[in-house]
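Undergrad: The following block contains a protein sequence and its predicted model.
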Amino acid sequence: MGTRTEAGRRPERKLTRKGQETRRRIVAAAAQLMYERGVTEATLEDVRAAAGVSSSQVYHYFSDKQELLLAVIEYQTQSVLDMQEPLFAELDTMEGLRRWRDALVEYQLRLQCRGGCPIGSLGSEVAETNPEARLAAASGFVRWEAAIRSGLQAMHDRGELDGDPEELALATLAALQGGLLLTQLQREVRPLEVALDAMLAHIAAHTTRG
């Protein structure tokens, strides 16, 4: 299964393009299965079958399920952030914040309010049982918060926002996560709308433009 480093991971090795594609296919299959079934129920055999690879290929790229889980957390984090990337660049205005809000709501409508947040779903499963995975999920949220904070910081630097960008970004992400969870449980988008609208109204109250 390969030699682990002291941190618990195998040394990085350069992959061929075909190797990168195979590894990516395994991670994508694992991400989908863990998203649908949960971390515990998604076995390596399930992943192998879904990815259309052999067991030896799975173990060629991942020493064990833990290493694959960490790759899945990174994959889901990057997917969530990439989806919002064009909108992150516009979070330095209230109009941009509202477009971001609308896009998040529309995305949940397309999903029929199923699935919740990919990072949050993984994080809630591993928080009390897997410290390494918990930290990986927490790091994903830190990156998400930083993207939100960047826009608010730009507003603050221009003198258009008198609130603390760091606290407002954290509160916005917390409102978003709570809204996503209730939207998932209630199968309606209203909790997400209310949570984000309340947070944006709070931010607007601290701006000179609104």
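TA: Thanks, I have it.

Undergrad: Do a quick rundown of the helices in this protein.
TA: Assigned by DSSP state H, the chain shows helices spanning 17-37, 44-51, 55-61, 65-88, 94-110, 118-126, 131-157, 165-186, 190-204.

Undergrad: Need the winner for burial among those.
TA: Mean neighbour count (mean count of other CB atoms under 10 Å) peaks for helix 118-126 among the helices of the chain, with a mean of 20. C-beta here means a position set from N, CA and C on the backbone, and glycine is covered the same way.

Undergrad: Contacts for that one, please.
TA: Surrounding helix 118-126, the residues in contact under the criterion CB atoms under 8 Å, 6 or more residues apart in numbering are 31, 34-35, 38-40, 69, 72-73, 76-77, 79-80, 115, 133-134, 137-138, 140-141, 144, 177, 180-181.

Undergrad: Tell me how far that helix lies from the chain's centre.
TA: For helix 118-126, the distance from its own C-alpha centre to the chain's C-alpha centre is 9 Å (CA atoms, centre = their mean, to the nearest Å).

Undergrad: Give me the mean pLDDT for it.
TA: Over the span of helix 118-126, the pLDDT mean works out to 94.

Undergrad: again with stretch 169-180
TA: This predicted structure assigns stretch 169-180 an average pLDDT of 98.

Undergrad: Distance from it to the middle of the chain?
TA: The mean C-alpha position of stretch 169-180 is separated from the chain mean by 13 Å, CA atoms, centre = their mean.
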